[in-house]
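# predicted coordinates and the sequence they were generated for:
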Amino acid sequence: MQSSAPEHQPAESDFYRVNRGGGLYSEAISQRLGAKLALFGYRKKLAPTTLTIFNLGISAVVSALVIATAGPVAAGEVPGFVIGLIALAGWQLAYAFDCADGQLARVTGQTSPDGARVDVLCDVAGQIALVAALSATAVAQEPETPAWLIALFAGGWMVNLITSVMATGPNPVSMLNSTTLPIRIVKLIRDYGAIIAVAGIVLTVAPIAMIWFIGAFTLVNGAFLLTSIAFSARTALRD
């Protein structure tokens with residue numbers, strides 16, 4: 001593990017300055033909240049991996065709650081807006097911890113291959129739980145939801161995670177390199193913070209529409225995957 005104490009007591013702005021982006025929404029909200037959590041972690045002498053575990057724990061507990069109450073919410077036995085609000089806030093908080101662990105590691109010099117692996121593995125576990133929660137809601141609300149749609153949704157969701165990891169590797173590649181506002185707005189459909197915000201809002205105000213969210217997200221990810229394959233293949237053939 002690389003470790004070097006900062007030369008001065010870092011401020012919240014120092015943590016935000018080293019954020020890894022994620023999109024317009026993530027930079028404006030998730031990464032800023034992450035900087036606050038990273039500062040808290042620094043003052044409490046927490047390791048970055050501790051924040052990573054917080055991310056997984058919150059995400060898993062919230063998703064488990066959504067799964068456990070999916071049936072009762074659909075039957076009108078449990079108020080859906082309460083579960084939705086808990087999910088909306090909980091998933092956003094979990095993602096903020098996901099942003100915070102990297103910020104804390106980079107500012108304090110605690111980056112390491114092991115920590116990076118734990119971060120990715122916890123991201124995968126947390127997102128599997130989230131996908132299960134959204135799928136459980138869709139099936140509870142619409143029992144005729146086809147199994148193939150849930151399968152495509154689950155597989156397609158991982159496209160977002162995989163491409164995010166690839167984009168931060170040693171040779172990151174983006175199909176849209178422009179940083180203009182219109183392009184950044186278009187990229188919101190790939191912004192994890194924005195995606196889980198929309199999912200939480202649907203869960204809160206109209207859980208019966210979750211199947212439409214799943215369908216739309218599956219189409220977007222499918223199109224993105226095919227476009228990415230074509231883009232990468234064309235680049236590889238030119239090399």
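Looks like it came in fine.

# the lowest-mean-pLDDT helix or strand in the chain: what's the following helix or strand?
Lowest mean confidence among the helices and strands of the chain (mean pLDDT, DSSP states H and E): helix 181-186, at a mean of 64. With elements assigned by DSSP states H and E, the helix or strand that comes after helix 181-186 is helix 192-205.

# from the contact counts, what lies against the one helix or strand Leu152 maps to?
Take DSSP H and E as the rule and Leu152 turns out to sit in helix 147-167. Where contact means 3 or more Cβ pairs under 8 Å, 6 or more residues apart in numbering; DSSP states H and E, helix 147-167 is packed against helix 113-141, helix 192-205, helix 210-238. Any C-beta I mention is one placed from the backbone N, CA and C, and that applies to glycine too.

# just the ones you listed: most buried one?
helix 192-205 (a mean of 21; mean count of other Cβ atoms under 10 Å).

# what inclination does that one have with respect to helix 147-167?
Here helix 192-205 runs at an angle of 150 degrees relative to helix 147-167 (axes from the mean of the first three to the mean of the last three Cα atoms, to 10 degrees).

# thinking again about what came up before, what's the closest of the helices and strands packed on helix 147-167 to Arg17?
helix 192-205 (18.4 Å; Cβ to Cβ).

# just the pLDDT for the residue nearest to the spatial centre of the chain.
Centroid check for the chain by Cα atoms, centre = their mean gives Tyr192 as the closest residue, at 4.2 Å. Tyr192 is assigned 91 on the pLDDT scale.

# pretty sure it sits against Arg20.
No. Taking Cβ atoms under 8 Å as the definition, Tyr192 is not a contact partner of Arg20, at 11.6 Å.

# sorry, back to before: against Phe213, how distant is the residue nearest to the centre of the chain?
15 Å (Cβ to Cβ, to the nearest Å).

# between the two ends of stretch 135-152, how far is it?
Stretch 135-152 has an end-to-end distance of 11 Å (Cα to Cα, to the nearest Å).

# so what touches it?
66-67, 70-71, 73-74, 153-154, 203, 207-208, 210-211, 213-215, 218, 222 (Cβ atoms under 8 Å, 6 or more residues apart in numbering).

# looking at the helices and strands packed on helix 147-167, which is closest to Leu24?
helix 192-205 (7.6 Å).

# elements contacting that closest one?
For helix 192-205, the packing partners by 3+ Cβ pairs under 8 Å, 6+ apart are helix 24-25, helix 80-108, helix 113-141, helix 147-167, helix 210-238.

# hey, least reliable of the helices and strands packed on helix 147-167 by pLDDT?
Among the helices and strands packed on helix 147-167, helix 210-238 carries the lowest mean pLDDT (a mean of 88).

# which neighbouring elements make contact with that helix?
Secondary-structure packing of helix 210-238 (3+ Cβ pairs under 8 Å, 6+ apart): helix 113-141, helix 147-167, helix 192-205.

# tell me the angle of that helix relative to helix 192-205?
Using the same axes, to 10 degrees, helix 210-238 lies at 160 degrees relative to helix 192-205.

# what's the angle from helix 210-238 to helix 113-141?
Using the same axes, to 10 degrees: helix 210-238 against helix 113-141 is 140 degrees.

# now find how far off-centre helix 210-238 is within its chain.
How far helix 210-238 lies from its chain's middle: 18 Å, per Cα atoms, centre = their mean, to the nearest Å.

# what does stretch 146-164 give?
Taking mean C-alpha positions (Cα atoms, centre = their mean), stretch 146-164 and its chain are 14 Å apart.

# check which residues of that stretch are buried.
By neighbour count, and taking 16 or more other Cβ atoms under 10 Å as the criterion, the buried residues in stretch 146-164 are Leu149, Ile150, Leu152, Phe153, Ala154, Gly156, Trp157, Val159, Asn160, Leu161, Thr163, Ser164.
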